[in-house]
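Asks: 3D model of this:
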Amino acid sequence: MDDTGREHGDDAIFALADERFDRAGDRYSLSAYGTLAGFENRNREAFDTDHAGWAGFAVCDLLRAAVCYRIADASDRARNRAGQAILVAGDQRDHVVSTDVDRAACHELVGVARAVTGDTEQASAAFDRAESGYESADVENGFQATTRSLLQAGTDLVTHLSRPDDVEWDEIHGPNRDEALVRRVRFVRNRIGRMADARVEAGKLHAPRGSTEYGNDSYRCPECGSNDINHVAETVLCLRCSAQSERV
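Replies: Sure, this is the predicted structure:
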């Protein structure tokens, strides 16, 4: 928790709303470190085998930080955070998680880390390992497997980086539970690097989508005039441009 009284992940969202992407990168970095240590985000430590894979949320915050730093023209810091994400994902894969599906998810997160910083060759190799791992994993229901911490964290990251286009869960995983995990990694392989590049080109990472309302006449965005709102990080942002919405 920082000097605002908010957890660092929430403070990062406020920084996104203010388009202070260097600060958002810092806050997402601290959120990741706090999550790994068990001080934030439900207080589950990275090496707690009872909640194995929870570190995936920290990995994904490091990758949000990487994208923010790229937007802020701090490419060295972006590479640093992606490198940290790769190390954490690899350590989880080799020493903490115990199922084949979780190990495959770690490979997927390594692929994402490589992709968001433009290392397409290494990303492709990691995604190959993830796809092979998902194919060989003993999974009865692919849809249910996506609720595991590592996979949920990865899904949340993909949907966040897709904004404002707002990719849906069904687009990522498809209609067939037996093919959901392989479809997922193929979708991520094909799209995640382009999503990150699009956010950098636009010079903006939108706030993640929380609970949304359309046409709420009690609020108006001072930047774009929209009354579609996004309840996230205990505040109300514009669903369209992520600025702070105002009561009218």
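
Asks: this structure: strands as residue ranges?
Replies: For the chain, applying DSSP state E gives strands covering 211-213, 219-220, 229-232, 235-238, 246-247.

Asks: pull the longest helix from the protein.
Replies: Identified as the longest helix of the chain according to DSSP state H is helix 180-202.

Asks: winner for burial among the strands of the chain?
Replies: Among the strands of the chain, ranked by average contacts under mean count of other C-beta atoms under 10 Å, first place goes to strand 235-238 (a mean of 22). Any C-beta I mention is one placed from the backbone N, CA and C, and that applies to glycine too.

Asks: what helices and strands are in contact with it?
Replies: If you count contacts as 3 or more C-beta pairs under 8 Å, 6 or more residues apart in numbering; DSSP states H and E, strand 235-238 packs onto helix 8-17, strand 229-232.

Asks: direction included, what does the last one pair up with?
Replies: Paired with strand 229-232 in the same sheet, following DSSP bridges, are strand 211-213 (antiparallel), strand 235-238 (antiparallel).

Asks: of all the helices and strands packed on strand 235-238, which one is nearest Arg199?
Replies: Checking the helices and strands packed on strand 235-238 against Arg199 by C-beta to C-beta gives helix 8-17 as the closest, at 10.7 Å.

Asks: pull the distance from the closest one to the chain's centre.
Replies: How far helix 8-17 lies from its chain's middle: 14 Å, per C-alpha atoms, centre = their mean, to the nearest Å.

Asks: which positions within it qualify as buried?
Replies: His8, Gly9, Asp10, Asp11, Ala12, Ile13, Phe14, Ala15, Leu16, Ala17 (16 or more other C-beta atoms under 10 Å).

Asks: check stretch 80-98 too.
Replies: Quick answer for stretch 80-98 (16+ other C-beta under 10 Å): Asn80, Arg81, Ala82, Gln84, Ala85, Ile86, Val88, Ala89, Gln92, Arg93, Val96, Val97.

Asks: which of the residues you listed fall in helices?
Replies: Reading helices off these with DSSP H, I get Asn80, Arg81, Ala82, Gln84, Ala85, Ile86, Val88, Ala89, Gln92, Arg93.

Asks: show me where this structure has its helices.
Replies: Going by DSSP H, the chain shows helices at 8-17, 21-37, 55-71, 75-95, 100-116, 120-136, 142-145, 149-162, 169-173, 180-202.

Asks: please name every helix or strand in contact with the last one.
Replies: This points to helix 180-202. Secondary elements touching helix 180-202 (3+ C-beta pairs under 8 Å, 6+ apart): helix 55-71, helix 100-116, helix 120-136, helix 142-145, helix 149-162, helix 169-173.

Asks: just want the most central residue of this protein.
Replies: Leu157 (2.1 Å; C-alpha atoms, centre = their mean).

Asks: wait, it touches Val112, no?
Replies: Yes: using C-beta atoms under 8 Å, Leu157 is in contact with Val112, at 7.0 Å.

Asks: which residues do the two both contact?
Replies: Leu63 (C-beta atoms under 8 Å, 6 or more residues apart in numbering).

Asks: can you give me the distance of the residue lying closest to Val59 once chain neighbours are set aside to Phe57?
Replies: Leaving out its chain neighbours, the residue that sits closest to Val59 by C-beta to C-beta, 6 or more residues apart in numbering is Ala85, at 4.7 Å. According to C-beta to C-beta, to the nearest Å, Ala85 stands 11 Å off from Phe57.
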